[in-house]
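A.B. asks: mind folding the following:
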Amino acid sequence: MYAIGAGITDVGQKRDQNEDAFHVDEELGLFIVSDGMGGHAAGEVASATTVQTVARVVGDARQAIEEVRTGVRVPGELTTLLRHAVEEASREVHRLATTTRGRSGMGCTATVLLVVASHAYLAHVGDSRLYLCRGGMLDQLSVDHSLAQELARAGFISQDEVHGHAHAHVLTRSIGTQPIVKVDTLMFDVLDGDRLLLCSDGLSGYVENGAWLCGQMQRDDFEAIPAELVRYANQQGGKDNITAVLVRVQAEEEEAPQSVQFRQTLEGKFVALESVFLFAGLPLALRTQVLEACCNLEVGAGDVLAREGEDTSSLFIVVTGACDLLRGGQGICRVGPGDCVGVTTLLNQRPARATLQAIEPTTLLRLDQDAFWSVVRERPWLGVGLLERLGRRLSTALDAAVERRSAEDALRLPGERF
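C.D. replies: Have a look, this model is predicted:
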């Protein structure tokens, strides 16, 4: 896989200067958008410094990136690289803000995308965005670090109220306002034909229809699309600086057969994950994070994944194939694609109540308790939602068990013990 990009920035209709900055490096697969704040050229300095610093740090790791591309290094190492690059940019912007007259309090956002082979890596701070258009569907992979979005995630306002909220553009995280910043990261698979858009809120603030934006991103005149998106934002009012960087992922000619198989495998995993009540309806970015926390298992007929009576702390999700659940050596049910076993073990390790055994070649996802809690700690508001879903499911199961027991008691004869 390789990525090509096209970008443009514009001052907009209301601002005197452009405090946005962007970077496109197709050879490295690196793309950056940064939206400055602070005024009086300070925002311009913050965004330019961020872009230059991230590009330098990532560029210095060119050898490591190539080793990931060729399989010598594990892909996850590049997530750490991007986090380090954005943290270094925050330190540098903060240093300039505290040592240069007229730049006190300056800062910026940063949305960084690195595409290497079949993986992409996101590092993000602020309210610039990364969108993915795949198969005619649009997903926002970044999370806005704004006060209004935080209020929505906490349940104080609805998602529909965010756009017009008084604090919609008040950032809860930014580059440079403090020397240390928490950076959101995400590693995800990319497919042949994927299109990704990095943009500042001067564009995203005017996007109300995801289907429309996805349609624009998929147009044939790739090089002209960023300029058309900027023109659209200016027509809508252009109240802020506008920056758009569009990225297209393509498979090398010799990769085409593997690319089709890879797409089918990835889609199968997402379908299986979506079938589990815990993860149904989650945004793609969150499902991707859960998927990255899972282990991929391929087992043969007769292989045992969990044995009755032995401690287990894993959730198993069947992607392809089938398994039997056995209790006392007797089959109690069969689980197939999309079925899961062991949800409650994510909360507490306990002895398995049944044996899980493959009856044919089977592919599964295994989510271990430690990996689950790592995801929850990374995004506490996601953890609250998952635990709420789990609590509702357990409550429903308990109510059903009580009703069954009550019905059995009603049928017993006087003096019957069991």
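A.B. asks: which helix runs longest in this protein?
C.D. replies: In the chain, taking DSSP state H as the definition, the longest helix is helix 380-411.
A.B. asks: starting at the chain centroid, how far to that helix?
C.D. replies: Mean-position distance between helix 380-411 and its chain equals 30 Å (CA atoms, centre = their mean, to the nearest Å).
A.B. asks: packing partners for it?
C.D. replies: Identification of packing neighbours for helix 380-411 by 3 or more CB pairs under 8 Å, 6 or more residues apart in numbering; DSSP states H and E yields helix 369-378. From N, CA and C alone the C-beta is placed, and that goes for glycine too.
A.B. asks: so, low pLDDT: which residues of the chain?
C.D. replies: Scanning the chain with the threshold set as pLDDT under 70 gives 39-41, 154, 256-257, 406-418.
A.B. asks: how about the nearest residue to the residue most central in space within the chain, chain neighbours excluded?
C.D. replies: Nearest to the centroid of the C-alpha atoms of the chain, with distances taken as CA atoms, centre = their mean, sits Ala285, at 2.5 Å. Nearest residue to Ala285, sequence neighbours excluded (CB to CB, 6 or more residues apart in numbering): Leu141, at 4.5 Å.
A.B. asks: pretty sure the one you found contacts Leu284?
C.D. replies: Yes. Using CB atoms under 8 Å, Leu141 makes contact with Leu284 at a distance of 6.8 Å.
A.B. asks: counting neighbours, go ahead and name the busier of these two.
C.D. replies: Taking neighbours as other CB atoms under 10 Å, Leu141 and Leu284 compare with Leu141 leading, 22 against 17.
A.B. asks: the stretch 201-350 of the chain: helices as residue ranges?
C.D. replies: Remark: helices assigned in the stretch 201-350 of the chain by DSSP state H, counting those that start in this stretch are 201-204, 210-217, 225-235, 256-275, 284-293.
A.B. asks: closest to Ala152 out of those?
C.D. replies: Proximity to Ala152 (CB to CB) singles out helix 284-293 among the helices of the stretch 201-350 of the chain, at 14.8 Å.
A.B. asks: does the residue nearest to the centre of the chain really touch Arg129, like I thought?
C.D. replies: No. With contact defined as CB under 8 Å, Ala285 does not count as touching Arg129 (11.1 Å).
A.B. asks: what is in contact with the two at once?
C.D. replies: Contact criterion CB atoms under 8 Å, 6 or more residues apart in numbering; residues bridging Ala285 and Arg129 by contacting each: 140, 142.
A.B. asks: how far is stretch 71-87 from where the chain is centred?
C.D. replies: With CA atoms, centre = their mean as the basis, stretch 71-87 stands 16 Å off its chain's centre.
A.B. asks: residues in contact with it?
C.D. replies: 50, 53-54, 57-58, 61, 64-65, 67-68, 110, 112, 114, 116-117, 119, 121-123, 125, 175, 180-181, 183, 185-187.
A.B. asks: and for stretch 394-406?
C.D. replies: Thr344.
A.B. asks: and what of stretch 203-215?
C.D. replies: So stretch 203-215 is contacted by 127-129, 131, 133, 136-138, 163, 197, 229-230, 232-233, 236-237, 239-240, 242-244 (CB under 8 Å, 6+ apart).
A.B. asks: give the buried residues for that stretch.
C.D. replies: By neighbour count on 16 or more other CB atoms under 10 Å, the buried set for stretch 203-215 is 203-207, 213-214.
A.B. asks: farthest pair in the residues you listed?
C.D. replies: Distances among the buried residues of stretch 203-215 were taken as CB to CB; the most separated pair is Gly205 and Cys214, at 17.5 Å.
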